[in-house]
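> Turn this into a structure:
(one chain, ligands or ions: 2)
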Amino acid sequence: MSRREFFNDALFWQGQSVDAQERERLAGHGAAVLWFTGLSGAGKSTLASAVERRLHDLQCRTFVLDGDNLRHGLCSDLGFTAEDRHENIRRASEVAALFVQSGAIVLSALISPFAADRARARRLVPEGRFFEIYCNASVVDCERRDVKGLYRRARSGEVRDFSGISSPYEAPGAPDLVLHTARDSVEQCVEQVLELVLARLGRPQGAQPA
Ligand SMILES: Nc1ncnc2c1ncn2[C@@H]1O[C@H](COP(=O)(O)OS(=O)(=O)O)[C@@H](OP(=O)(O)O)[C@H]1O
Ligand SMILES: Nc1ncnc2c1ncn2[C@@H]1O[C@H](COP(=O)(O)OP(=O)(O)O)[C@@H](O)[C@H]1O
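Ligands and ions are numbered 1, 2, ... in the order given. Presented below is the predicted three-dimensional model:
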């Protein structure tokens, strides 16, 4: 990046004015947040990593944010009370915004049960760069999968404050995309995500419509 490009980027991110042409050029880089939300077991991690693989094939730079890399480090002091979840999502949102500034596509795979927290995450990135992707699978469907055995432990009371059972999950009212993960296959859901992202951000060279 030249000094001029760097300077313009800095102005852009400080919210100061750059001329329209320059803004257009900056908007041309593919940075964005794909914010997957849904119950535990709804398919967020599976889809975030499958979409990430496809984006790598398109030479996009990506970063996945999920419980594994956040709750073991940056958020290791947090549990699952509403207060701790607000803070978890606040930190994740700030990290996502930083990665967007670096030009990456961030794929967030957190339950993020509260609409207000997701709305704040959206506000931290430039307009049109945040995609709320609702992995829509019911408690019944997720419990049937019970990928990690957590539903069973939540039903027995061993795990407390469990989303969808003993802690609320606010489904998105107007998400950018709804994936019916108990109806459609992983491959079908991945195609739906890519279609949305490529349509809104523009196709990197070599990307073909599905
Ligand atoms: N009480 C309770 N409720 C929900 N989830 C629980 C709980 N305890 C542990 N886990 C595991 O933690 C993962 C969810 O962490 P998140 O950071 O995504 O949660 S949140 O966004 O702050 O609500 C979640 O991961 P996923 O299953 O991938 O969603 C669970 O494996
Ligand atoms: N369309 C689909 N999208 C995502 N996952 C699916 C789909 N169909 C079946 N699955 C399965 O559901 C499970 C979802 O688990 P996971 O991705 O860990 O969910 P989450 O990250 O939301 O907790 C996986 O075992 C996955 O193979």
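> burial of residue 179, as a residue count?
Residue 179 has 25 neighbours, counted by other Cβ atoms under 10 Å. The C-beta positions use only the backbone N, C-alpha and C, and glycine is treated the same way.
> My error: substitute residue 144 in the last question.
12.
> Let me see the confidence value for it.
On pLDDT, residue 144 comes in at 98.
> helix, strand or coil for it?
What DSSP: H, G, I helix; E, B strand; the rest coil gives for residue 144 is helix.
> From residue 187, how far off is it?
Distance of residue 144 to residue 187, given as Cβ to Cβ, to the nearest Å: 21 Å.
> quick one: residue 120 and residue 92 touch, right?
No: look at residue 120 against residue 92 with Cβ atoms under 8 Å: they stay out of range, at 10.7 Å.
> Pick out whichever of these two has more residues nearby.
Between residue 120 and residue 92, residue 92 has the larger neighbour count (other Cβ under 10 Å), namely 25 against 15.
> where do the helices sit along this protein?
With helices called from DSSP state H, the chain shows them at 3-13, 20-27, 44-57, 67-70, 82-101, 115-123, 139-145, 150-155, 186-201.
> Could you dump those helices into CSV and include distance to residue 38?
Formatted as CSV, the helices of the chain follow (distance: least, Cβ to Cβ, whole Å):
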stretch, distance to residue 38
helix 3-13, 30
helix 20-27, 29
helix 44-57, 6
helix 67-70, 13
helix 82-101, 14
helix 115-123, 11
helix 139-145, 8
helix 150-155, 14
helix 186-201, 11
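> Turn these into TSV, including distance to ligand 1.
TSV is the format used below for those (distance: least, Cβ to the nearest ligand atom, whole Å):
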stretch	distance to ligand 1
helix 3-13	26
helix 20-27	29
helix 44-57	5
helix 67-70	4
helix 82-101	4
helix 115-123	8
helix 139-145	8
helix 150-155	6
helix 186-201	15
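> between these, which one is nearest to residue 35?
helix 115-123 (6.1 Å; Cβ to Cβ).
> Need the contact partners of that closest one.
With Cβ atoms under 8 Å, 6 or more residues apart in numbering as the test, helix 115-123 has contacts from 33, 35, 37, 85-86, 89-90, 92-93, 96, 108, 112, 130, 132, 170, 172-173.
> Quick one, which of the residues you listed are buried?
Listed as buried from the contacts of helix 115-123 are 33, 35, 37, 85-86, 89, 92-93, 96, 108, 112, 130, 132, 172; burial here means 16 or more other Cβ atoms under 10 Å.
> Just checking, which helix or strand of the chain averages the lowest pLDDT?
helix 20-27 (a mean of 41; mean pLDDT, DSSP states H and E).
> so who does the residue nearest the centre of the chain touch?
In the chain, the centroid-proximal residue (Cα atoms, centre = their mean) is residue 35; its distance is 2.0 Å. Counting by Cβ under 8 Å, 6+ apart, residue 35 makes contact with 96, 108, 112, 118, 121-122, 130-133.
> can you check residue 164 too?
By Cβ under 8 Å, 6+ apart, the residues touching residue 164 are 39-40, 139, 142.
> residue ranges with poor pLDDT in this protein?
1-29, 203-210 (pLDDT under 70).
> Now it against ligand 2: closest residue?
In the chain, the residue that lies nearest ligand 2 is residue 43 (2.5 Å; Cβ to the nearest ligand atom).
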